[in-house]
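Undergrad: Quick check, what structure comes out for this input:
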Amino acid sequence: MHPIGNAACSGIATPGGVWFESGRLDAVVHWPGGWLRTSYADRMDVGLGWARRCVFGEGLSLEHLVFAPAEPRPLLLGLAAIRNSTAKPVVVDYCEIWDVTGSDPSSAPGACIRETGAGRRALADAGIAIRARAPDPAPQTGLALDLRLPLPAHTTRELSFAYAAPGPNEDPAALVQGWRGQVHAALDSMVSGWLERLADAPDPLAAYRNAIA
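TA: Down below sits the predicted model:
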């Protein structure tokens, strides 16, 4: 198991998937050529505070990376990159999923929300412009966001997400707002911070795991 955490929260990456708040984090892509699912990843890599799954299709690929920001906040962040390596444009349907247990589903612009005994849990679009939407009707279990995405030939499109797990009576929207449009920068800052902190460690990955544990 590989931890993905900061001082306020912790997720886990295993060979079987990535988990946060006991719910799996996954992505699904559908296009005329078939399906890509991170639950059937072709490759998983882990690093200092992150886990990445890659799925390769015929002409299309998906890279899905989840990490914990350096700041002690109760959320994880995600980056998805979809690559069209063909000579033709395609339109893909993308679904981001957080299979967290909760009740009373609701939605907000670019977010899907459920109530839990520990507080509200929200899956939110963390891009500069909000493109994803909650399914209507809401999923029977877990959280999901959908969007349709045109992909020109030989083009990569990137998406950003937040998985917010604030305490009772805290607003997940306020938690997500600080990272909107800043997910790439947060990843760079987090990795740089760990590299500096573990500069003298003979095995930085093992030292990171010990520090998080």
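Undergrad: Can you tell me how far Leu198 is from Ala185?
TA: 21 Å (CB to CB, to the nearest Å). Yep, even glycine has a C-beta here, placed from its N, CA and C like the rest.
Undergrad: do Thr155 as well
TA: Applying CB to CB to Thr155 and Ala185 gives a distance of 23 Å.
Undergrad: Look at those two and report which has more neighbours.
TA: With neighbours defined as other CB atoms under 10 Å, Thr155 and Ala185 compare such that Thr155 has more, 14 against 11.
Undergrad: Provide a list of residues in contact with that one.
TA: Arg83, Asn84 (CB atoms under 8 Å, 6 or more residues apart in numbering).
Undergrad: try Trp98
TA: Phe20, Gly23, Arg24, Leu25, Arg121, Leu123, Gly142, Leu143, Ala144, Tyr163.
Undergrad: Repeat that for Ala81.
TA: With the criterion set at CB under 8 Å, 6+ apart, Ala81 makes contact with Leu62, Glu63, Thr156, Arg157, Glu158, Leu159.
Undergrad: Kindly recompute the last result at 10 Å.
TA: Arg52, Cys54, Ser61, Leu62, Glu63, His64, Leu65, Thr156, Arg157, Glu158, Leu159 (CB atoms under 10 Å, 6 or more residues apart in numbering).
Undergrad: which residues of this protein score low on pLDDT?
TA: The chain contains no residues with pLDDT under 70.
Undergrad: Just want the most central residue of it.
TA: Nearest residue to the geometric centre of the chain (CA atoms, centre = their mean): Gly78, 2.8 Å.
Undergrad: Who's the closest spatial neighbour of that one, skipping the chain neighbours?
TA: Phe161 (4.1 Å; CB to CB, 6 or more residues apart in numbering).
Undergrad: Could you do Glu158 as well?
TA: That would be Ala81: by CB to CB, 6+ apart, it lies 5.0 Å from Glu158.
Undergrad: The closest residue to Pro139 other than its chain neighbours: which element?
TA: Sequence neighbours aside, Pro105 is the residue nearest to Pro139 in space, at 7.1 Å (criterion: CB to CB, 6+ apart). Taking DSSP states H and E as the definition, Pro105 sits inside strand 103-108.
Undergrad: Which strands or helices does the host helix or strand of Asn210 pack on?
TA: Element membership for Asn210 (DSSP H and E) is helix 204-212. The contact analysis (3 or more CB pairs under 10 Å, 6 or more residues apart in numbering; DSSP states H and E) places helix 204-212 against strand 2-5, strand 43-47, helix 183-197.
Undergrad: Going by neighbour count, list what's buried in the helix or strand that the second one is followed by.
TA: Once strand 43-47 ends, the next helix or strand along the chain (criterion: DSSP H and E) is strand 50-56. Residues of strand 50-56 classed as buried under the neighbour-count rule (16 or more other CB atoms under 10 Å) are Trp50, Ala51, Arg52, Arg53, Cys54, Val55.
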